[in-house]
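Undergrad: What shape does this take:
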Amino acid sequence: MSKELFLADFPGLGVMADKYDLDVVVLGLEKKWERVRNQVVANMTNFGFPYIEVADGDYDDNRELYLKHKHEGVDLDVKYARKTVEYVHKLWGRQVHLETVLDGEPIVMHYDGKEHTED
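TA: The predicted model follows:
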């Protein structure tokens, strides 16, 4: 069997194979492993849990809680963030605001005990 390059099957990755061995050649992806490594290391920071800190315990002079997510390149999972804000609201007893970054854009998530809003 002759060695062939199957770029169509593996975009960005060339696989050369014959019946005795399999060689994987990375084409143009020299830096991608660094991104993967950095993501793995980032996920290990704080055991993969995001850093969220209290910014203001009397936000708007109304005893509302204002939290800030320390964004380190990894967006919060919106489903879990909303659920967390609900639980914090249950503990705090007042409206809770969570500042974060989603898809590169800063947002503030709000929960008043009944509904979630964002701006």
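
Undergrad: Do you have the strands of this protein handy? List them.
TA: Remark: strands assigned in the chain by DSSP state E are 13-17, 22-26, 52-59, 64-69, 96-102, 105-111, 116-118.

Undergrad: With mean pLDDT, distance to W33 and mean neighbour count as added columns, please give those strands in TSV.
TA: Glycine gets a C-beta too; all of them are placed from N, C-alpha and C. Output for those, formatted as TSV (pLDDT from 0 to 100; distance: least, Cβ to Cβ, whole Å; neighbours: other Cβ atoms under 10 Å):
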stretch	mean pLDDT	distance to W33	mean neighbour count
strand 13-17	42	12	15
strand 22-26	46	8	10
strand 52-59	96	30	13
strand 64-69	97	28	20
strand 96-102	97	25	19
strand 105-111	97	28	16
strand 116-118	97	35	12
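
Undergrad: Out of those strands, which gets nearest to V88?
TA: Of all the strands of the chain, it is strand 96-102 that lies closest to V88, at 5.0 Å by Cβ to Cβ.

Undergrad: Adjacent strands (with direction) for that closest one?
TA: strand 64-69 (parallel), strand 105-111 (antiparallel) (DSSP bridges).

Undergrad: Now do that strand against strand 52-59, angle only.
TA: Counting by axes from the mean of the first three to the mean of the last three Cα atoms, to 10 degrees, strand 96-102 points 140 degrees away from the direction of strand 52-59.
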